[in-house]
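[1] here are the coordinates; sequence isn't available:
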C-alpha cells in the first residue's frame, strides 16, 4: 500500500541552522532515501520551497481567488514528502520515524486512497 509521509517542521528554525548542521541533516536525508530505495519501497520524494512562495487557490461562486502564502497559520509547515509503497502501516511508521525531521518536527503518515477504475461501455 502506498503512503504519503509529509514532513512538517518550523521553517524559521530550519533557516537558523548553521551550514554544518544543514550538511549533517542532508547527509541523514540521503541515507534515509537510500534505505527506502534499498528496501524497494521508495516511489518519490520532493522538498518544497518556503511558504513565502506558496499560493492558496479557492473557488467561490464560480470565481477563482488566490492568496499569497499558505491558508492556515501554523507553527510547523510542510517542507517535503516521501511517497512510499510499504507492506503495511507499521512499516510506514517505522520508516517515518527515521526521517531526520521526525526528531524536531513531525511526520504525518497518510495512506493513498485507491479508486476503482470502473469502465463504462
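    Done, it's in. Model, not experiment: these values are computed from the prediction. Residues are numbered from 1 along each chain as shown.
[2] now do the buried residues in the lowest-mean-pLDDT helix or strand in the chain.
    Sorted by mean pLDDT, DSSP states H and E, the helices and strands of the chain end with helix 11-15, the least confident at a mean of 85. Counting neighbours by 16 or more other C-beta atoms under 10 Å, one finds that the buried residues in helix 11-15 are 11, 14. C-betas here are computed from N, CA, C, even on glycine.
[3] quick one: distance of that helix to the chain centre.
    16 Å (C-alpha atoms, centre = their mean, to the nearest Å).
[4] for the next helix or strand after that helix, give the mean pLDDT please.
    Going down the chain from helix 11-15, the next helix or strand is helix 19-38, by DSSP states H and E. The pLDDT scores in helix 19-38 average 97.
[5] so after helix 19-38, what's the next helix or strand?
    strand 42-47.
[6] now the chain, which segments are flagged as low pLDDT?
    Within the chain, the ranges that satisfy pLDDT under 70 run 70-74, 117-121.
[7] run through the bridge partners of the residue nearest the centre of it.
    In the chain, the C-alpha nearest the mean C-alpha coordinate belongs to residue 81, at 2.2 Å (C-alpha atoms, centre = their mean). Taking DSSP bridges as the rule, residue 81 bridges to residue 6, residue 46.
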